[in-house]
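In: dropping a prediction and its sequence here:
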Amino acid sequence: MAKIIDGKAVSAQVKEQVRQETEQLRAEHGIEVGLAVVIVGDDPASRVYVNNKKKACEAVGFRSFEYALPAETTQEELLDLVDTLNKDEKVNGILVQLPVPKHIDDKAIIDAISPDKDVDAFHAKNVGGIMIGDYTFLPCTPAGVMELIDATGVEVSGKKCVVIGRSNIVGKPMAMLLLHRSGTVTICHSRTQDLASVTREADILVASVGRANFVTADMVKEGAVVIDVGINRLENGKLCGDVDFASVEPKAGWITPVPGGVGPMTIAMLMKNTLTAAKAQNGLLK
Ligand code: NAP
């Protein structure tokens, strides 16, 4: 029986730390921390994410600025808004909720966000910084996964780590963070041959595939730390991860649930990044 890694509890600790430091910034330096969240269109999943981010901002004492734009918003209009937010001193972090409607080039939008306010850490300058280990922000989901692995007490150094998925927002930076901790890292993807033989070697297995119940017990090493990044909606409306929890849980040493695992960590790390941005912009980053 695996021990459950409680993402709600770990994320609550991260947010509490952010709340205390936010209060301290206000009391000692008169600085208010602000996050601008931009949503274009009416995708229901994006709406839920944005509402959760707004609630988290309130909980940690940030000002949140929400810009809900219609789906017909042009790329130029969105770029104009990003430019305004880049110049707005009240705004320390800018997040444009992805995906944006198809007529907008998301790369052009990410490129336009000031790297100093890029709290998602998607801008090429920040991504490059992560490659060479010189960064201010880490991308929220992989950084949250590292916190969850740390919560188990399992040492990454020297361990075989397998990441399934090579997306720019999860798989690739995830592999880099594990490598920074001296894990021996393998990245798998849809062309990987005999995937199960690779994943069965993993002491630490991170699944970011986007396929419900994809990782089954035969793909997991006895006692492994299994981190499930996936968020998939089943036909019955329930959320489920990329890991077949029922079969894997008896075999793994540690496992994250969905919901209540990686999801809450992503938002907590966004709050942490926004606080870091505010400190950096005010010359207070140690
Ligand atoms: P993505 O961009 O679609 O990437 C999926 C990756 O899985 C790709 O690299 C793909 O390989 C690989 N893959 C697909 N089928 C495979 C197969 N049969 N065998 C091996 N690899 C396979 O997705 P993403 O953005 O990384 O997101 C993945 C999941 O995480 C989604 O469910 C998403 O909703 C969730 N997510 C959760 C959070 C959170 O906060 N918890 C944050 C972000 C994402 P190829 O590159 O070869 O196509």
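Out: Sure, I can see it.

In: make it CA atoms for all contacts and neighbour counts henceforth
Out: Noted.

In: stretch 185-200: which residues count as buried?
Out: Buried residues in stretch 185-200, counted by 16 or more other CA atoms under 10 Å: 185-188, 196, 198-200.

In: what does stretch 96-114 rub up against?
Out: 37-41, 46, 50, 71, 74-75, 78-79, 82-83, 86, 94, 122-124 (CA atoms under 8 Å, 6 or more residues apart in numbering).

In: again but with stretch 12-28, I slipped
Out: By CA under 8 Å, 6+ apart, the residues outside stretch 12-28 that reach it are 31-33, 59-62, 268-269, 271-272, 275.

In: show the average pLDDT along it.
Out: Mean pLDDT, stretch 12-28: 98.

In: what sits against Arg63?
Out: Per CA under 8 Å, 6+ apart, neighbours of Arg63: 32-35, 57.

In: one more time with 10 Å, if that's ok
Out: 32-36, 54, 57, 90-92 (CA atoms under 10 Å, 6 or more residues apart in numbering).

In: which of the residues you listed fall in strands?
Out: 34-36 (DSSP state E).

In: PyMOL command for the buried members of the contacts of stretch 12-28?
Out: This is the PyMOL syntax for the buried subset of these, where burial follows 16+ other CA under 10 Å:
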select buried, resi 31+32+33+60+61+62+268+269+271+272+275
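
In: mark which of the contacts of stretch 12-28 are part of helices, please.
Out: Secondary structure defined by DSSP state H assigns 59-60, 268-269, 271-272, 275 of these to helices.

In: turn those residues into JSON lines, columns for pLDDT and distance to the ligand.
Out: Output for the ones in helices among the contacts of stretch 12-28, formatted as JSON lines (pLDDT from 0 to 100; distance: CA to the nearest ligand atom, whole Å):
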{"residue": "Ala59", "pLDDT": "97", "distance to the ligand": "19"}
{"residue": "Val60", "pLDDT": "98", "distance to the ligand": "19"}
{"residue": "Ala268", "pLDDT": "98", "distance to the ligand": "10"}
{"residue": "Met269", "pLDDT": "98", "distance to the ligand": "10"}
{"residue": "Met271", "pLDDT": "98", "distance to the ligand": "13"}
{"residue": "Lys272", "pLDDT": "98", "distance to the ligand": "15"}
{"residue": "Leu275", "pLDDT": "98", "distance to the ligand": "19"}
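
In: tell me which residues in the helix or strand harbouring Asp80 are buried?
Out: Using DSSP states H and E, Asp80 maps to helix 75-87. By 16+ other CA under 10 Å, the buried positions in helix 75-87 come out as 75, 78-79, 82, 85-86.

In: I'd say Gly7 and Leu148 touch.
Out: Yes - the pair Gly7 / Leu148 is scored as a contact, 6.9 Å apart, by CA atoms under 10 Å.

In: okay, and the common contacts of the two?
Out: 256, 261-262, 265.

In: filter those down to the ones close to the ligand.
Out: Restricting these to those touching the ligand (CA under 6 Å from any ligand atom) yields Val262.

In: isn't Thr184 up against Leu178?
Out: Yes - using CA under 10 Å, Thr184 is in contact with Leu178, at 7.9 Å.

In: overlap of the contact sets of the two?
Out: By CA under 10 Å, 6+ apart, the residues touching both Thr184 and Leu178 are 156-157, 159-162, 204.

In: what's in contact with stretch 239-247?
Out: So stretch 239-247 is contacted by 164, 206-218, 220, 226-234, 249, 252, 255-259, 261-262 (CA under 10 Å, 6+ apart).

In: pull out the buried residues from the residues you listed.
Out: Among those, those scoring as buried are 164, 206-217, 220, 226-232, 249, 252, 255-259, 261-262 (criterion: 16+ other CA under 10 Å).

In: residues in contact with Glu155?
Out: Applying CA under 10 Å, 6+ apart, the residues near Glu155 are 149, 181-183, 204.

In: among the residues you listed, which pair sits farthest apart?
Out: Put simply, by CA to CA the two of these set farthest apart are Ile149 and Ser182, 13.8 Å from each other.
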